[in-house]
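[1] Coordinates only, no sequence provided:
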């Protein structure tokens, strides 16, 4: 949702932003459990099938309503996805659903360190409110009312990460970003800290400048049941079900290079 994320606990002190050389670990595809580069695009138009270039056995599909569909679109690194633009009322929605098919569910990190992120270009922000589309979710698994959750969003043009585990919650946010430009945002939970890295991408897909912010995050295990899928570009209430009775938090813009890893 488009609301400020409160940093929980006195230990959650925000470090000053600093420039760094890159915004995502330089890893082979096999080091990622999930890597959606969208290079399988078969031309322009509606995106119907999606390939995971990571090591995880997962199924990726689109959950849609009201005529919304993901569509292939250009990005600085090749091909990405265009997700539905903002609309008044109960407009078109399209969210990617990612589910484990192996039974081990590496998309549930448990007590392990993990990270997730994506490249994105946000549409111009609407000047009117819509309770069915009042957020800009990039990656999410779990809901705020559930026992565990991890999330990356860009509400009000402000990138932020949130993680909820067995012992508590942590959240960290960056500065507001101009719309219409490509960025890379990455969240990492490791060694008791939650870090958010945000980088501006050039037209060639290379990182031009990146900043990192970090908070203490002794959240405990992040265990998620198979009935709670990961989503890209919005909020799912369950398997094959968009959130109802609240905002879908549809990301309005373009997305590419969605990643998730352990360790």
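    It's in. Bear in mind the structure is a predicted one, so any value in this text is a computation, not a measurement.

[2] check contacts around residue 52.
    Listed by Cβ atoms under 8 Å, 6 or more residues apart in numbering, the contact set of residue 52 reads 34, 35, 36, 58, 60. Backbone N, C-alpha and C define where each C-beta goes, glycine included.

[3] from what I can see residue 63 touches residue 241, true?
    Yes: in this structure, residue 63 is within contact of residue 241 by Cβ atoms under 8 Å, at 7.2 Å.

[4] and the two? which has more neighbours close in?
    For residue 63 and residue 241, the more surrounded residue by other Cβ atoms under 10 Å is residue 63, and the numbers stand at 21 against 12.

[5] Quick check: buried residues in the helix or strand hosting that one?
    Here residue 63, judged by DSSP states H and E, is contained in strand 58-65. Buried residues in strand 58-65, counted by 16 or more other Cβ atoms under 10 Å: 58, 60, 62, 63, 64, 65.

[6] Stretch 151-161: which residues count as buried?
    Buried residues in stretch 151-161 (16+ other Cβ under 10 Å): 151, 152, 153, 154, 155, 156, 158, 159, 160, 161.

[7] Among those, which are located in strands?
    Judged by DSSP state E, the buried residues of stretch 151-161 include 151, 152, 153, 160, 161 as members of strands.

[8] Can you give the strand pairings for the helix or strand hosting residue 260, parallel or anti for each?
    Using DSSP H and E, residue 260 sits within strand 253-262. With DSSP bridges as the test, strand 253-262 is paired with strand 34-36 (antiparallel), strand 78-82 (antiparallel), strand 114-122 (antiparallel).

[9] Can you say which of these is packed in most?
    strand 114-122 (a mean of 25; mean count of other Cβ atoms under 10 Å).

[10] what element comes up after it heading to the C-terminus?
    Following strand 114-122 in sequence, per DSSP H and E, is strand 137-141.

[11] tell me the angle of that next one relative to strand 253-262?
    Put simply, strand 137-141 runs at 30 degrees to strand 253-262, going by axes from the mean of the first three to the mean of the last three Cα atoms, to 10 degrees.

[12] Residues touching strand 137-141, excluding its own?
    107-108, 116-118, 120, 149-154, 185, 224, 228-236, 249-251, 255, 258, 260.

[13] Quick check: which ranges of the chain have low pLDDT?
    Along the chain, the parts satisfying pLDDT under 70 run over 1-30, 127, 245.

[14] Relative to residue 206, how far out is the spatially most central residue of it?
    Nearest residue to the geometric centre of the chain (Cα atoms, centre = their mean): residue 139, 2.2 Å. Residue 139 sits 22 Å away from residue 206, going by Cβ to Cβ, to the nearest Å.

[15] again with residue 85
    In this view, residue 85 and residue 206 are 28 Å apart by Cβ to Cβ.

[16] and the two? which has more neighbours close in?
    residue 85 (15 against 11).

[17] circling back: for the buried residues of strand 58-65, give me a markdown table that also has distance to residue 172.
    Rendered in a markdown table, the data for the buried residues of strand 58-65 read as follows (distance: Cβ to Cβ, whole Å):
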| residue | distance to residue 172 |
| --- | --- |
| 58 | 27 |
| 60 | 27 |
| 62 | 30 |
| 63 | 28 |
| 64 | 31 |
| 65 | 32 |
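
[18] Cheers, nothing more for now.
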